[in-house]
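*Asks:* Whatever this is, show me its structure:
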Amino acid sequence: MRDTLDIEYVRASFPAFSEPGLQGQAFFENAGGSYTCAQVISRLERYYRQRKVQPYGPYEASQLAGAEMDEARSRLAEMLGVETDELSFGPSTTQNTYVLAQAFRQWLSPGDAIIVTNQDHEANSGPWRRLADAGIEIREWKIDPDTGHLPREALENLLDERVRLVCFPHCSNVVGEINPVTEITARAHAAGAFVCVDGVSYAPHGFADVGAMGPDIYLFSAYKTYGPHQGIMVMRRALGELLPNQGHYFNAGCLYKRFTPAGPDHAQIAASAGMADYMDDLADHHAIKGDARARCADVHDLMRAHETEMLQPLLDMLSARNSVRLLGPDQAAKRAPTVALALQGSGFEAAAKLAERGIMAGGGDFYAIRALEAMRVNPDHGALRLSFVHYTSPAERDKLLEALDDIL
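*Replies:* Numbers count the residues shown, from 1 in each chain. Got it, this is the predicted structure:
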């Protein structure tokens, strides 16, 4: 097994890097959506050319269409360490979470409690908070206003026998700190609560072993993991069979249809198997052996090692500047490479200045208004967010450092 990621091989799998219109541009807004790998594009095009029919019918094109959709579900589930029918696709993670909240609204009783954080993207906060209208008590697990950290002792003070669900992010899309999912999940389970983890901001940096970590719900977005615009949701069976069915009544016996009432996007689901193709391709190239779950874990570690090495010089540079406030940890090993900065000026304006220098980055609140306000950052000014993934090259990182030195 190779012990370092072959960055040139990785980049060859992403057509965006050879597109004339993107030459000279360094992409640092991956937290908003990653480039799509060639394997996904190939499957999507093939589906639209050859299999754009109603799936699961008796004729060949229809059978092939259904088989590709089933392949996507089974291969991704195996990578994540869960059963095939515990994984479902929906229009987006925001929509998936909203449907889940409606299921909990029916299942919970007035006086039951849900814990949410103010570190989250609004998609894993707002739908749960709205359940207060149904008499559900909403308890907020608050971040440290200086660091953005979620203190574990604060969670202890919130947990009791009335808490039925604990919702938190694997990592925040502005704080970046990686939360210890396994530890938090175990503590919540010991108190008798279920756990819902928003993995949207973590998944681009390597698919997590959800089965080993133990949460009851794990959500992420395929368009941030090199795939199509689909929300992917793991719902473990023990909880999924307990909650009321939100799909058509005749689908109540099918776990992966119980919480996806919208009609599925057949082509995008089929194309999602391309993400598994890509992970397998990386594993083969780096001589990684084992089953899909083990290979995925090793590829995850290669990605994280590359990202961590790439990230630390950026954090060091930012930490040394008094005019910049780095949100979240200054150690790369503790965070994802999603770096938000509070500046003396506007995050929007800073992103525009970077664009003039060939850096594609974002400015704004990133739907994390509660987190920014808690850390005393004015959402109207916004933060500057710089985010990369494993396909970002050292040359692009150095270009970013030079551009930042110029504008800051």
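*Asks:* any idea how far residue 263 lies from residue 234?
*Replies:* Using CB to CB, to the nearest Å, residue 263 is found at 21 Å from residue 234. Where C-beta positions appear, they are placed from N, C-alpha and C, glycine not excepted.
*Asks:* Name the residue in the two with the higher neighbour count.
*Replies:* Neighbour count, other CB atoms under 10 Å: between residue 263 and residue 234, residue 234 has more, with 25 against 7.
*Asks:* host element of that one?
*Replies:* Using DSSP states H and E, residue 234 falls within strand 231-235.
*Asks:* list the helices and strands that strand packs on?
*Replies:* helix 60-80, strand 87-90, helix 93-107, strand 217-221 (3 or more CB pairs under 8 Å, 6 or more residues apart in numbering; DSSP states H and E).
*Asks:* so which of those is the most packed in?
*Replies:* strand 217-221 (a mean of 27; mean count of other CB atoms under 10 Å).
*Asks:* for that one, packing partners?
*Replies:* Short answer (3+ CB pairs under 8 Å, 6+ apart): strand 217-221 packs on helix 93-107, strand 194-198, strand 231-235.
*Asks:* ok, how many other residues are close to the nearest residue to residue 118 once chain neighbours are set aside?
*Replies:* Closest residue to residue 118 apart from its sequence neighbours, by CB to CB, 6 or more residues apart in numbering: residue 370 at 4.2 Å. Residues near residue 370, counting by other CB under 10 Å, number 23.
*Asks:* ok so, going back, tell me which strands the strand holding residue 234 pairs with, and in which orientation.
*Replies:* strand 87-90 (antiparallel), strand 217-221 (antiparallel) (DSSP bridges).
*Asks:* what's downstream of it, the next helix or strand?
*Replies:* helix 237-240.
*Asks:* in that following helix, what counts as buried?
*Replies:* Using 16 or more other CB atoms under 10 Å as the burial criterion, the residues of helix 237-240 that qualify are 239, 240.
*Asks:* Check which helices and strands it sits against.
*Replies:* For helix 237-240, not one helix or strand is in contact under the criterion 3+ CB pairs under 8 Å, 6+ apart.
*Asks:* neighbouring contacts of that helix?
*Replies:* Here helix 237-240 makes contact (CB atoms under 8 Å, 6 or more residues apart in numbering) with 83, 85, 86, 194, 216, 217, 255, 258, 259.
*Asks:* most neighbours, which of those?
*Replies:* residue 217 (25 neighbours).
*Asks:* Can you tell me the closest non-neighbouring residue to that one?
*Replies:* residue 196 (4.1 Å).
*Asks:* And for residue 295?
*Replies:* Nearest residue to residue 295 in three dimensions, chain neighbours excluded: residue 283, at 4.1 Å (CB to CB, 6+ apart).
*Asks:* Kindly confirm my reading that the one you found is in a helix.
*Replies:* Yes. Per DSSP: H, G, I helix; E, B strand; the rest coil, residue 283 lies within a helix segment.
*Asks:* what about it, how many residues close to it?
*Replies:* Residue 283 has 21 neighbours, counted by other CB under 10 Å.
*Asks:* The helices and strands packed on strand 217-221: which one's closest to residue 4?
*Replies:* strand 231-235 (28.6 Å; CB to CB).
*Asks:* Check the offset of the closest one from the chain's centre.
*Replies:* 11 Å (CA atoms, centre = their mean, to the nearest Å).
*Asks:* The residue nearest to residue 295 against residue 298, yeah?
*Replies:* Yes. Counting by CB atoms under 8 Å, residue 298 is a contact partner of residue 283 at 6.8 Å.
*Asks:* Export the helices and strands packed on strand 217-221 to TSV and append columns for distance to residue 63 and mean pLDDT.
*Replies:* Shown next, in TSV, are the helices and strands packed on strand 217-221 (distance: least, CB to CB, whole Å; pLDDT from 0 to 100):
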stretch	distance to residue 63	mean pLDDT
helix 93-107	28	97
strand 194-198	35	98
strand 231-235	24	98
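*Asks:* With respect to residue 148, which of these lies nearest?
*Replies:* Once the helices and strands packed on strand 217-221 are compared by CB to CB, strand 194-198 is nearest, at 15.4 Å.
*Asks:* who are the neighbours of that closest one, in terms of helices and strands?
*Replies:* helix 93-107, strand 163-169, helix 181-190, strand 217-221.
*Asks:* got the angle for it vs strand 217-221?
*Replies:* 10 degrees (axes from the mean of the first three to the mean of the last three CA atoms, to 10 degrees).
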